[in-house]
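Student: Sequence plus predicted model, see below.
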2 protein chains.
Amino acid sequence: MLDILHRIGVVAPLDEVYRALATPAGLAAWWTTDTVGTSEVGGKLAFRFGDAGGFDMEVLELDPSGRVRWRVIGGPEEWLGTEIDFRLDQRDEYTIVRFKHAGWREPVEFMGHCSTKWATFLLSLKELVETGHGRPAPDDVKVSDWH
Amino acid sequence: MLDILHRIGVVAPLDEVYRALATPAGLAAWWTTDTVGTSEVGGKLAFRFGDAGGFDMEVLELDPSGRVRWRVIGGPEEWLGTEIDFRLDQRDEYTIVRFKHAGWREPVEFMGHCSTKWATFLLSLKELVETGHGRPAPDDVKVSDWH
């Protein structure tokens, strides 16, 4: 199994970063504006990206001390069954976010695309919490012909 | 062994992207301004990032049809012996860059940091080739307390 890893540091208290990960309104402000669902353990979240489709997640874990974890239950075949994991730690003035998208079966070109896109969305999360404005889709950073 | 994967698309002919990867002047314009060495197979390249140290690479492959590959021979312990691999393909108006930093031994926090930073540097490469101006260190995008 193959994982996408990222790490960012947000200059903000941990609970502010947690809110951006643990609520539909928070997620809509950095990942995609078209976010609906219920963010509670066992609940479902639907993220859509216009014509490009989207992802459905089951919430596996919500821990305000610093963990959010989802399982992908709908979306592209490569994503099905994979897990998205955010771990937060406060270190001095930073909240460190350790991100993992775990369980890819093959190192396909689409995995590289998703890795690059995750980096841009995590930087959107950082910008949102630090400045009040993120860059969620459809205003996200375009990285290639696959957007 | 664990790999960092990324994928970007640059709106430019393949040979322009290749030049930014295969010459010290090209590399200095998107990764770090402090780039010296000889970009030929068997040659050495030194990339420095001020107080943060840097990396020494041995050039393993230089193929103008679309491949640049290095082995890390100096730098942080986690990088030693790993390989950096750029594959280019022309697809319509895009040159697609498939990037791999291969051979990490452990999924350490520093690997996540480097994955996020590689994304920002590859977007700097895209910007350089498309607009004439990249964001090499020391003017690179800061992602955390580790810069």
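Tutor: That came through, no problem.

Student: longest single helix anywhere in chain A?
Tutor: For chain A, the helix with the greatest residue count under DSSP state H is helix A:109-131.

Student: ok, residue A:22 touching residue A:62?
Tutor: Yes: applying C-beta atoms under 8 Å, one finds residue A:22 in contact with residue A:62, separated by 5.5 Å. The C-beta positions use only the backbone N, C-alpha and C, and glycine is treated the same way.

Student: intersection of neighbour lists for the two?
Tutor: With contacts taken as C-beta atoms under 8 Å, 6 or more residues apart in numbering or on different chains, residue A:22 and residue A:62 have A:39, A:68 as neighbours in common.

Student: Taking helix B:109-131 as reference, get the angle to the longest helix of chain A.
Tutor: With axes from the mean of the first three to the mean of the last three C-alpha atoms, to 10 degrees defining the directions, helix A:109-131 sits at 90 degrees from helix B:109-131.

Student: right, is helix A:109-131 up against chain B?
Tutor: Yes: counting by C-beta under 8 Å from any C-beta of the partner chain, chain B has neighbours in helix A:109-131: A:109, A:111-113, A:115-116, A:119-120, A:122-123, A:126.

Student: And that helix, what's buried?
Tutor: Across helix A:109-131, burial judged by 16 or more other C-beta atoms under 10 Å in any protein chain shown covers A:110-129.

Student: same thing with stretch A:8-26?
Tutor: In stretch A:8-26, counting by 16+ other C-beta under 10 Å, buried: A:8-10, A:12, A:14, A:17-18, A:20-22, A:24, A:26.

Student: cool, stretch A:63-70 as well?
Tutor: Residues of stretch A:63-70 classed as buried: A:66-70 (neighbour count, 16+ other C-beta under 10 Å).

Student: got TSV for the residues of helix A:109-131 next to chain B, with distance to residue B:57 and pLDDT too?
Tutor: Formatted as TSV, these follow (distance: C-beta to C-beta, whole Å; pLDDT from 0 to 100):
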residue	distance to residue B:57	pLDDT
A:109	24	97
A:111	24	98
A:112	21	98
A:113	25	98
A:115	22	98
A:116	22	98
A:119	22	98
A:120	26	98
A:122	27	98
A:123	26	98
A:126	29	98
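
Student: thinking again about what came up before, overlap between the buried residues of stretch A:8-26 and the residues near chain B?
Tutor: Counting by C-beta under 8 Å from any C-beta, the members of the buried residues of stretch A:8-26 near chain B are A:8-9.

Student: of all the buried residues of stretch A:8-26, which comes closest to residue B:87?
Tutor: Closest approach between the buried residues of stretch A:8-26 and residue B:87, by C-beta to C-beta: residue A:8, at 26.9 Å.

Student: in a strand, that's where the closest one is, yeah?
Tutor: Yes: secondary structure of residue A:8 (DSSP: H, G, I helix; E, B strand; the rest coil): part of a strand.

Student: Need the max-distance pair from the buried residues of stretch A:63-70.
Tutor: Applying C-beta to C-beta across these, the maximum distance is between A:66 and A:70, 15.4 Å.
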